[in-house]
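A.B. asks: Generate coordinates for the sequence data below:
(one chain, ligands or ions: 1)
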Amino acid sequence: MTPVLDVEGLAFAYPDGHQALFGVDLHVHRGERVALLGPNGAGKTTLVLHLNGILVAGAGTVAVSGLPVTKANIPEIRRRVGIVFQDPDDQLFMGTVRQDVAFGPANLGLRGSELDARVQHALEQVGMEEYADRPPHHLSFGQRRRVAVATVLAMEPEILVLDEPSSNLDPASRRELADILRSLDVTVLMVTHDLPYALELCPRAVVLSDGTVVADGATYDVLTDDALMRAHRLELPFGFDPRTVGRPVTG
Ligand SMILES: Nc1ncnc2c1ncn2[C@@H]1O[C@H](COP(=O)(O)OP(=O)(O)OP(=O)(O)O)[C@@H](O)[C@H]1O
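C.D. replies: Residues are numbered from 1 along each chain as shown. Got it, this is the predicted structure:
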């Protein structure tokens, strides 16, 4: 089966010459939830920005369900790969929640009842249907993050990429978002420094360090590999022990 995400030998240097990625390989299959871990400056954001063509590979290839990420394919790639950025305010700019969620599918040409149904479904998936007519800037941060997820889900992406989805959420909102993400029938790639969240949500973790994949395996195995964790500046929160929590439940 073709992986939904196929990254092969991806290397990239920024225009100032800083080499951020060195031959990264990453293959993700449909329905997987994968945590992308690594210390500050490891290259996680740089990798993610290649997945929908914001950055273009210096060397190597990126393909989504077999379609290469190239300039010519960018409109279709952006439909297939939805990125939820860390700050929801980067993604919400219309007068109402409904308008924000409708923006992407309307750009794809959806109209009328088809568009309404798409918006309604996306809002239901994140439990925000009651807020459809509210201005996004009147919502709490956690509610805005959920709406940002809905704007991406409304595009019916093949891969949902989330950058630090648990940041700035209170414990209840954090858990609610985890429940939402678990309930979705979509492939998830989640960049996070929140290692308990990675363990809770993602059966698989990939560790990037200095632009290279240094580990790719079961999240539990990664987080309990003390030497690996120390070598790549990955620290569990005080008092958190994966051994007492166990492995994430699949599905
Ligand atoms: N526009 C840029 N120009 C030059 N170098 C950059 C640019 N953006 C990022 N870098 C460098 O590329 C490397 C990888 O950065 P990147 O933001 O991808 O890391 P990250 O793993 O996402 O880090 P963090 O966890 O802090 O968000 C870093 O050394 C960073 O300083």
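A.B. asks: Quickly find the element holding the residue nearest to Ala57 when sequence neighbours are not counted.
C.D. replies: What sits nearest to Ala57 in space, not counting adjacent residues and going by CB to CB, 6 or more residues apart in numbering, is Leu10, at 5.4 Å. All C-beta spots, glycine's among them, are computed from the backbone N, C-alpha and C. Using DSSP states H and E, Leu10 sits within strand 5-13.
A.B. asks: next one: that strand to chain centre, how far?
C.D. replies: Distance of strand 5-13 from the chain centroid (CA atoms, centre = their mean, to the nearest Å) equals 17 Å.
A.B. asks: What pairs with that strand, parallel or antiparallel?
C.D. replies: strand 19-28 (antiparallel), strand 59-64 (antiparallel) (DSSP bridges).
A.B. asks: So for the ligand, which of the ones you listed sits nearest?
C.D. replies: strand 19-28 (3.7 Å; CB to the nearest ligand atom).
A.B. asks: Following element in sequence after that closest one, please.
C.D. replies: Next element after strand 19-28 (DSSP H and E): strand 33-37.
A.B. asks: so for that next one, what's the average pLDDT?
C.D. replies: The average of the pLDDT scores along strand 33-37 is 98.
A.B. asks: got it, and stretch 80-87?
C.D. replies: 94.
A.B. asks: what residues does that stretch touch?
C.D. replies: 48, 51-52, 64-65, 67, 91, 145, 148-149, 152-153, 155, 157-165, 167 (CB atoms under 8 Å, 6 or more residues apart in numbering).
A.B. asks: how long is that stretch end to end?
C.D. replies: 21 Å (CA to CA, to the nearest Å).
A.B. asks: so how many other residues sit close to the residue in the stretch 51-200 of the chain that the ligand sits nearest to?
C.D. replies: Of all residues in the stretch 51-200 of the chain, His193 sits closest to the ligand, at 6.4 Å by CB to the nearest ligand atom. Around His193 there are 16 other residues, counting by other CB atoms under 10 Å.
A.B. asks: Give the helix, strand or coil label for it.
C.D. replies: What DSSP: H, G, I helix; E, B strand; the rest coil gives for His193 is coil.
A.B. asks: and it, backbone torsions?
C.D. replies: phi -100, psi 0 (degrees, to the nearest 10).
A.B. asks: these two touch, right, it and Glu164?
C.D. replies: Yes: using CB atoms under 8 Å, His193 makes contact with Glu164 at a distance of 6.9 Å.
A.B. asks: hey, C-alpha coordinates of the worst-scoring helix or strand of the chain on mean pLDDT in CSV?
C.D. replies: Here the helix or strand of the chain ranked lowest by mean pLDDT, DSSP states H and E is helix 242-245, holding a mean of 87. In CSV, the C-alpha atoms belonging to helix 242-245 read as follows (Å, rounded to 0.1, in the frame of the first residue of the first chain):
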residue,chain,number,x,y,z
PRO,A,242,5.5,6.2,31.0
ARG,A,243,6.1,2.8,32.7
THR,A,244,3.2,3.5,35.0
VAL,A,245,1.0,4.9,32.2
